[in-house]
Structures are given as C-alpha cells and as structure tokens.
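Engineer: Take a look and give me a structure for this.
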Amino acid sequence: VSSSRELVSFPQRLFYVSTKIQKVSKSFVAEMTTASMPGMIYGTAWKKEKTAELVLQALAAGFRGVDTACQPKHYTEPLVGEGIANFLSANPKLATRSDLFIQTKYTPFPGQDPHNVPYDPKADIQTQVRQSLEVSLQNLKTDYLDSLVLHSPMRSHEDNLKVWETFEEFVEDGRVKQLGISNCYSLTTLKQLWKAAEVKPTVVQNRFYQDTKYDVDIRAFCKAADPPIAYQSFWTLTANPQILRHPVVARILERLNKSGDGSIAYTAPHVLYRFVMDLGIKPLNGTTTPSHMASDLAVAAQPGLLTAEELAALKTLINEP
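Structural biologist: Numbers count the residues shown, from 1 in each chain. Sure thing, here's the model as predicted:
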C-alpha cells in the first residue's frame with residue numbers, strides 16, 4: 001500500500017468489521033495467550049529493500065521469531081512476509097508457519113509518514129486498527145499473528161482503550177494470539193491499560209537504556225503480572241555503548257575467550273545479550289551479518305554462560321536490584 005488513497009480503494013471485503021467484543025472468559029484468555037515466544041527475536045526495522053533477504057538469512061540461521069510493524073516509514077512489512085514465505089517454501093521439513101513467532105504493530109498516525117499511511121488516516125481509530133491488521137495479514141502472508149502490539153501509547157487512556165478493545169476483537173476471532181504495547185515508559189499508563197483490559201497485555205517492548213533507568217519498575221510489574229508480561233528490549237546494543245566498553249565486560253570476555261573451546265569468539269555484544277536474557281528480557285536483534293546471527297543465537301542458547309559473580313557485577317551497571 002503506497003498511500004491512503006490506494007488503501008481506501010481496495011475491495012470492501014479487505015476490511016474486517018466486527019461488533020464490540022463480548023466479555024472474555026479467563027480460560028479463553030489463557031488459551032489465546034500461549035503463543036511460543038523465542039528468547040531472542042529478529043528485528044526488521046530500517047532494512048528497506050534488503051528486508052526479504054535478511055529475514056530469510058535470519059530464519060535460516062535459526063531465528064524463529066520476527067518483529068515488524070505496519071509502518072512503511074521504518075519497516076518494509078511486505079518484504080518481511082516475502083522473506084518468511086521464501087524460507088518456509090525452501091525448508092518444508094525444517095519449519096512450518098506454526099513454528100514461527102510473527103509479531104507486528106499497529107502504529108498510530110503521528111508515527112506514520114503522512115504521505116504513506118497503511119490505513120485511512122481520516123477514519124476513526126477503531127477502523128484504522130482494523131485496516132492496519134488486514135494490511136499486515138496480507139503483507140505477512142498469514143491468516144493469524146502470534147502477537148500484535150500497539151506501537152506507542154495513544155494521546156489519552158480513552159484512545160488506548162479504543163485501540164485495545166479493537167485488538168481484543170482479533171483475539172476473540174482467532175486472528176491474533178496475544179497483545180502488547182511498545183514505547184510505554186510510564187508504569188501508570190501500563191497499569192491503567194492492564195486493569196481495564198479484558199485480554200491482558202502479555203508483551204511490553206521498550207528501548208532498554210539509561211534514560212529510563214532500564215525500566216526497573218516496569219519490568220518488575222511485568223514479572224509479577226498474571227499472566228506474566230514478556231519484556232522485549234530494542235536498541236539493546238546501540239543504546240548502551242557505555243556497557244559494551246565497560247571494564248566489567250572486558251574482564252568477562254577475557255575469561256570466556258580463554259576458557260572456551262574456540263568455537264565462538266566472544267564479543268561485548270554477546271555478553272550484553274546473554275546478560276539481558278539472564279534477567280528474563282527477550283531482546284530484539286537486528287544484525288545484518290550472517291555470522292553474527294549464528295553466534296548471537298549460539299550465545300542465546302547458553303544459559304549459565306555468565307557466573308553469578310559476573311551477573312552481580314553487570315547488575316551494578318544498570319542499578320538492578
């Protein structure tokens with residue numbers, strides 16, 4: 001979709017319209033929020049014309065989770081779908097659609113390029129959300145999503161609920177398995193949404209960095225929630241150069257590379273990825289280098305790589321309790 005004008009000229013059947021969701025039972029919510037979320041997820045922002053090739057390479061390397069957004073300004077969602085389809089068609093014995101965790105986002109209008117909006121910007125919020133979902137399903141060549149995320153909070157709690165109640169329709173009809181919110185750095189906003197929601201959020205995706213004190217309070221709330229909320233981090237490496245070059249990390253690397261079998265040349269990014277995963281965080285990884293894809297996944301598969309003493313030292317760098 002290259003413009004809202006083209007979008008609204010699509011056949012009427014493209015857009016799903018539903019009556020307001022009925023009250024959802026707790027057992028139904030539990031059943032619908034059990035999509036398997038990998039410990040590390042491939043991120044697809046800013047990859048433009050290389051998106052399909054990189055998604056294919058990431059899945060071939062072993063990634064089984066892919067994150068994108070219905071936001072042409074920063075994501076090329078149709079090429080994400082192409083990369084996934086190419087991988088599945090080339091590897092029918094290796095993986096099927098049910099083996100993959102596909103997550104996308106509804107991006108509110110202020111986050112869109114006004115000249116390339118994937119829904120009718122003049123429509124009401126609920127219609128925008130429904131149109132965005134239909135475009136995503138078409139782009140990703142799938143009939144369901146494992147996770148649908150609100151890309152950033154709306155301007156008011158009331159508008160957050162308009163989006164969320166529409167999201168809940170998708171859970172009810174089986175087209176979405178679980179719901180989440182991104183760029184939510186206010187614990188109050190998250191608590192308000194969680195309290196009001198019939199289908200509770202099970203994903204929070206935030207930038208993991210010093211300016212927000214590494215979301216210590218938000219992550220604690222996520223861990224204590226019922227059902228628990230998975231905390232996904234983005235810009236894990238880019239936003240933390242001071243950690244990557246810290247002497248604590250250098251000492252850990254010295255031990256790992258001396259004591260290892262040589263199969264992996266450990267780097268500072270490996271240490272940071274392993275650290276956040278040991279905290280229970282699921283990092284997005286947007287590398288464009290196949291060798292990094294393989295080694296990052298290898299580190300992700302090594303719980304216990306860092307000693308208790310090393311974890312304690314790393315925690316002091318982010319004021320982790």
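Engineer: what's the helix or strand for N160?
Structural biologist: Using DSSP states H and E, N160 sits within helix 157-172.
Engineer: Tell me the first helix or strand C-terminal of that helix.
Structural biologist: Counting by DSSP H and E, the next helix or strand C-terminal to helix 157-172 is strand 179-182.
Engineer: Does anything pack onto that following strand? Which helices or strands?
Structural biologist: Counting contacts by 3 or more CB pairs under 8 Å, 6 or more residues apart in numbering; DSSP states H and E, strand 179-182 packs against strand 147-150, helix 157-172, strand 203-207. Using the backbone N, CA and C atoms, a C-beta is placed for each residue, glycine as well.
Engineer: Show me what that strand pairs with in its sheet, parallel or antiparallel.
Structural biologist: strand 147-150 (parallel), strand 203-207 (parallel) (DSSP bridges).
Engineer: Out of those strands, which is the most enclosed?
Structural biologist: Highest mean neighbour count among those (mean count of other CB atoms under 10 Å): strand 147-150, with a mean of 26.
Engineer: Report the distance from the helix or strand S233 falls within to the chain centre.
Structural biologist: Using DSSP H and E, S233 maps to strand 230-234. With CA atoms, centre = their mean, to the nearest Å as the basis, strand 230-234 stands 7 Å off its chain's centre.
Engineer: What is the helix holding N160 packed up against?
Structural biologist: Against helix 157-172 (3+ CB pairs under 8 Å, 6+ apart) you get helix 125-140, strand 147-150, strand 179-182, helix 187-196.
Engineer: Single out the most deeply packed of those.
Structural biologist: For the helices and strands packed on helix 157-172, the highest mean count by mean count of other CB under 10 Å goes to strand 147-150, at a mean of 26.
Engineer: Can I get that one in PDB, CA atoms only?
Structural biologist: C-alpha atoms of strand 147-150 as PDB (Å, rounded to 0.1, in the frame of the first residue of the first chain):
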ATOM      1  CA  SER A 147       1.500 -11.100  18.700                       C
ATOM      2  CA  LEU A 148       0.000  -7.700  17.900                       C
ATOM      3  CA  VAL A 149       1.500  -4.600  19.600                       C
ATOM      4  CA  LEU A 150       0.400  -1.000  20.000                       C
END
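Engineer: Nearest the middle, which residue of this structure would you pick?
Structural biologist: Closest to where the C-alpha atoms of the chain average out (CA atoms, centre = their mean) is D67, at 4.7 Å.
Engineer: That one and K195, how far apart?
Structural biologist: 26 Å (CB to CB, to the nearest Å).
Engineer: now the strands: where do they sit in the protein?
Structural biologist: Under the criterion DSSP state E, the chain contains strands at 41-43, 65-67, 101-106, 147-150, 179-182, 203-207, 230-234, 282-285.
Engineer: Quick check: which helices or strands does the third one pack against?
Structural biologist: Strand 101-106 makes packing contacts with strand 65-67, helix 125-140, strand 147-150 when contacts are defined by 3+ CB pairs under 8 Å, 6+ apart.
Engineer: re earlier: any idea which of the helices and strands packed on helix 157-172 gets closest to Y231?
Structural biologist: Evaluated over those, closeness to Y231 peaks at strand 179-182, with 9.9 Å, by CB to CB.
Engineer: ok, and what's touching the closest one?
Structural biologist: Residues outside strand 179-182 that contact it (CB atoms under 8 Å, 6 or more residues apart in numbering): 103, 105, 147-153, 164, 167-168, 171, 190, 193, 197, 199-206, 229-230, 232.
Engineer: Swap in 6 Å and give it another go.
Structural biologist: By CB atoms under 6 Å, 6 or more residues apart in numbering, the residues outside strand 179-182 that reach it are S147, L148, V149, L150, H151, F167, V199, P201, V203, Q205.
Engineer: can the residues you listed go into JSON lines with extra columns for pLDDT?
Structural biologist: Output for the contacts of strand 179-182, formatted as JSON lines (pLDDT from 0 to 100):
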{"residue": "S147", "pLDDT": "98"}
{"residue": "L148", "pLDDT": "98"}
{"residue": "V149", "pLDDT": "98"}
{"residue": "L150", "pLDDT": "98"}
{"residue": "H151", "pLDDT": "98"}
{"residue": "F167", "pLDDT": "98"}
{"residue": "V199", "pLDDT": "98"}
{"residue": "P201", "pLDDT": "98"}
{"residue": "V203", "pLDDT": "98"}
{"residue": "Q205", "pLDDT": "98"}
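Engineer: For those, which two are the farthest from each other?
Structural biologist: Maximum distance among those (CB to CB): 17.8 Å, for H151 and V199.
Engineer: Pass me the low-pLDDT residue ranges in the chain, would you?
Structural biologist: 1-35 (pLDDT under 70).
Engineer: Where do the helices of it begin and end?
Structural biologist: Ranges of helices in the chain, per DSSP state H, are 4-8, 26-32, 51-61, 77-90, 125-140, 157-172, 187-196, 216-224, 241-244, 247-259, 268-278, 290-300, 308-317.
Engineer: out of those helices, nearest to P114?
Structural biologist: The nearest among the helices of the chain, by CB to CB, is helix 4-8 at 9.0 Å.
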